[in-house]
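[1] Pasted the sequence and its predicted model underneath.
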Amino acid sequence: MDLYLPIAEVSVNAPLLVALGAVVGFISGMFGIGGGFLMTPVLVFLGIPPAVAVASEANHVAASSVSSVIAYSRRRAVDFRMGAILASGGVFGAIIGVEIFRYLLLLGQADLVVSVSYLVFLGVIGSLMLWESLDTILRRRRGDPPKPRRDRRPVWLYALPFKMRFPRSRLYISIIPPIVLGLFVGILSAIMGVGGGFILVPAMVYILRMPAGVVVGTSLFQIIITTSLTSVLQAGRNQTVDIVLATLLLIGGVLGAQLGARVSGRFRAEELRAILALIVLLVGLRMGLGLFINPDDPFIVLSGAG
Amino acid sequence: MMADLPPPVPQISDTQVSAALTQTEVKVTSGFRGAKISIYGAVFDPEGRPSDIVVTLRGPDEPVRIARKVRIAGLWLNSRPVVFQGAPGFYHVASTRTLNEVGRFAALREYGLGIDHLAIAAPAERRVETLYGIRDMVVSSLGADYYEWRSAVVRLKANGGLYSSDDSGVKFVDPGLFRADISLPASAPTGKYQAQIVLFQDGRPVAIRERALTVEKAGAERALYLFAHRRPWMYGIASVIIALGAGWLASRLFRRT
């Protein structure tokens, strides 16, 4: 069943998009990421104009994140206070990011920046996560004692001013690092069309040292706020949100996210991280490949001419 | 671009061509998968000389921004973008024989018949302007490379099914009565289309007809498109409410089961 999208102005196969939304939603609910880093490249590959894909995808990420945050909050696995602080940085980041993206479109270098961002961020984070999680898995298999957790958190987390208590995360730290982190993720989310969970989750574990149990839910909570704002900004500034496309994706997405959130409890955390790391790494390499292989056609049409 | 097109055809005889489209409006609705347009017409020639017909269907002009991939330090990067004006959003040319057999170069060029003869911007001199707030954008002529750039515009459009030509697309179904079928892909832009029907005899254009076609969004597609462009902020908020509502609904449904 083909459906003509009013904003993207292309005809797409509706059941295919719903199924795609479900698969990405499942991954999203399972790993606590938005799934945008997977969906945006796929949409572009299907022929949706990149600007529309990036903007509509933010809407889909918001929907599947709501669906899984509710599931996580029932298990008391969301630190709403930390999420709100992260999001307050994320809001400014999203505004800056949408403007940067507009400027890059005009320069004709948006593709390049998007490819490089995917390659660098997904590549580095994927490799680090893979290395760390495989190490943990191997230690357990060999029966070695787990690596002693460095409970000593970095001093600067405490040295900075504006401290706040985060009871759910059992933290008493300055709000500056979470705000800066949120800002950075907000900028990336607008440029790459992603929620930013793949950066937030490791950053919360390794930098903020939050307990693993609340990381995923909190990351999703902050993603809801940032992507909702990104959707409104993209629609208002660029008119690139395709409501039909977003609705098709989110029908599958919200259902997939529920299933994913249920299944995630059955795996060990390090196994989940290893699988996620592989997916992240593969997507990053695939997106970066275009920079190295010879193009089929030496010329490309750039969007945003009018 | 229509302005610098045909000067009136010299009427050297009573020969006339008449033509019509099977439909003058194409509605783009949610089930739109492209459309098929038929152009049919008749040649009136008291002397019955051999006739050739060239039919073009041309969509609204839209600027095309293209960049060239250049290899810098082992990486394929985009050159700075170049804007081409005068490229129709859709172009199809159909004829009874190959265009070179139908008419002389000058005539084809004058009427813009054939993809090679489209007036895709070639202002004689190079202009560097400030466009879209960006300084130093090359707007047109590229010197020696110009031809390569122009053919890239055509090639990329043709790959998307937007530019095409058919050397045997016009058929005489009966002496003096001809017909051409043109298919419009789903990706064809909306707007005003011009169909041009030119009668050639002896390699010269002797009569011409123009017909208009409108491609526009209709129904829900149109309503959503207008909503997105007239009230963009409301539209954005509505799309977020749908997203958040759907997420909440799904978690409710799953809790019960």
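    Structure received. Numbering: from 1, shown residues only, chains lettered A, B, ... in the order given.
[2] Following element in sequence after the host helix or strand of residue B:224, please.
    Residue B:224 is part of helix B:219-230 when elements are defined by DSSP states H and E. The first helix or strand that comes after helix B:219-230 along the chain, using DSSP H and E, is helix B:232-256.
[3] quick one: average confidence on that next one?
    What helix B:232-256 shows for mean pLDDT is 87.
[4] and that helix, what does it pack onto?
    Counting contacts by 3 or more CB pairs under 8 Å, 6 or more residues apart in numbering or on different chains; DSSP states H and E, helix B:232-256 is packed against helix A:50-74, helix A:212-233, helix A:243-264, helix B:219-230. Yep, even glycine has a C-beta here, placed from its N, CA and C like the rest.
[5] Give me whichever of these is most buried.
    Greatest average neighbour count among these goes to helix A:50-74 (a mean of 29), per mean count of other CB atoms under 10 Å in any protein chain shown.
[6] any idea of the angle that one forms with helix B:232-256?
    For helix A:50-74 against helix B:232-256, the angle by axes from the mean of the first three to the mean of the last three CA atoms, to 10 degrees is 40 degrees.
[7] List the buried residues for stretch A:75-94?
    A:77-83, A:85-91, A:93-94 (16 or more other CB atoms under 10 Å in any protein chain shown).
[8] Just the ones of these in helices?
    Of those, the ones assigned to helices by DSSP state H are A:80-83, A:85-91, A:93-94.
[9] By average pLDDT, which secondary structure element in chain A comes out worst?
    helix A:155-159 (a mean of 66; mean pLDDT, DSSP states H and E).
[10] What's the first helix or strand after that one?
    strand A:163-166.
[11] of the buried residues of stretch A:75-94, closest to residue B:50?
    Ranked by distance to residue B:50 (CB to CB), the buried residues of stretch A:75-94 are led by residue A:94 at 67.0 Å.
[12] contacting residues for the closest one?
    A:186, A:187, A:189, A:190, A:226, A:229, A:230, A:233 (CB atoms under 8 Å, 6 or more residues apart in numbering or on different chains).
[13] Give the closest residue to residue A:122 in space, chain neighbours not counted.
    By the measure of CB to CB, 6 or more residues apart in numbering or on different chains, the closest residue to residue A:122 outside its immediate chain neighbours is residue A:284, 2.7 Å from it.
[14] Might you report the residue contacts of the one you found?
    A:118, A:119, A:120, A:121, A:122, A:123, A:126.
[15] May I see the PyMOL selection of the buried members of those residues?
    Here is the PyMOL command that picks out the buried ones among the contacts of residue A:284, judged by 16+ other CB under 10 Å:
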select buried, chain A and resi 118+119+121+122+123+126
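[16] which residues sit against the helix holding residue B:224?
    A:4, A:6-7, A:235, A:239, A:241, A:243-244, B:27-30, B:32, B:216-217, B:234-235, B:238.
[17] Of those residues, which belong to helices?
    Here DSSP H is the test, and those give A:243, A:244, B:234, B:235, B:238 as lying in helices.
[18] Around residue 40, how many other residues sit close by?
    No chain in the question, so chain A it is. Using other CB atoms under 10 Å in any protein chain shown, residue A:40 is surrounded by 28 other residues.
[19] Chain B, not that one
    There are 19 residues near residue B:40, going by other CB under 10 Å.
[20] Then it would be within a helix, right?
    No. Residue B:40: not assigned to a helix; according to DSSP: H, G, I helix; E, B strand; the rest coil it is strand.
[21] What separation is there between residue B:54 and residue B:249?
    To residue B:249, residue B:54 is 57 Å away according to CB to CB, to the nearest Å.
[22] so which helix or strand takes in residue A:285?
    Assigned by DSSP H and E, residue A:285 belongs to helix A:269-289.
[23] what are the ranges of the helices in chain B?
    Secondary structure of chain B by DSSP H: the helices cover B:99-102, B:105-111, B:146-159, B:219-230, B:232-256.
[24] CSV for those helices, including distance to residue A:57?
    As requested, the helices of chain B are exported to CSV (distance: least, CB to CB, whole Å):
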stretch, distance to residue A:57
helix B:99-102, 45
helix B:105-111, 45
helix B:146-159, 25
helix B:219-230, 16
helix B:232-256, 11
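[25] what residues does the stretch 51-200 of chain B put near chain A?
    Counting by CB under 8 Å from any CB of the partner chain, the stretch 51-200 of chain B comes close to chain A at B:62-69, B:74-78, B:80-81, B:83, B:132-134, B:149, B:152-153, B:155-156, B:159, B:186-187, B:189-190.
[26] Show me which of the residues you listed are buried.
    Of these, these count as buried by 16+ other CB under 10 Å: B:62, B:64-69, B:76-78, B:81, B:83, B:132, B:149, B:152-153, B:156, B:186-187, B:190.
[27] Flag every buried residue along the helix or strand encompassing residue A:29.
    In the assignment (DSSP H and E), residue A:29 maps to helix A:14-31. Neighbour counts over helix A:14-31 (16+ other CB under 10 Å) mark A:14, A:17-18, A:20-31 as buried.
[28] repeat for stretch B:103-118
    B:103, B:107, B:108, B:111, B:112, B:113, B:114, B:115, B:117, B:118.
[29] May I have stretch A:176-188 as PDB, with CA atoms only?
    Output of stretch A:176-188 as PDB, limited to C-alpha atoms (Å, rounded to 0.1, in the frame of the first residue of the first chain):
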ATOM      1  CA  ILE A 176      27.200  22.200  35.500                       C
ATOM      2  CA  PRO A 177      28.500  18.900  34.000                       C
ATOM      3  CA  PRO A 178      24.900  17.600  33.300                       C
ATOM      4  CA  ILE A 179      23.900  20.900  31.700                       C
ATOM      5  CA  VAL A 180      27.000  21.000  29.500                       C
ATOM      6  CA  LEU A 181      26.400  17.400  28.500                       C
ATOM      7  CA  GLY A 182      22.800  18.200  27.700                       C
ATOM      8  CA  LEU A 183      23.800  21.200  25.600                       C
ATOM      9  CA  PHE A 184      26.300  19.100  23.600                       C
ATOM     10  CA  VAL A 185      23.800  16.300  23.000                       C
ATOM     11  CA  GLY A 186      21.100  18.900  22.000                       C
ATOM     12  CA  ILE A 187      23.300  20.300  19.300                       C
ATOM     13  CA  LEU A 188      24.200  16.900  18.000                       C
END
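[30] average pLDDT across that stretch?
    Mean pLDDT, stretch A:176-188: 87.
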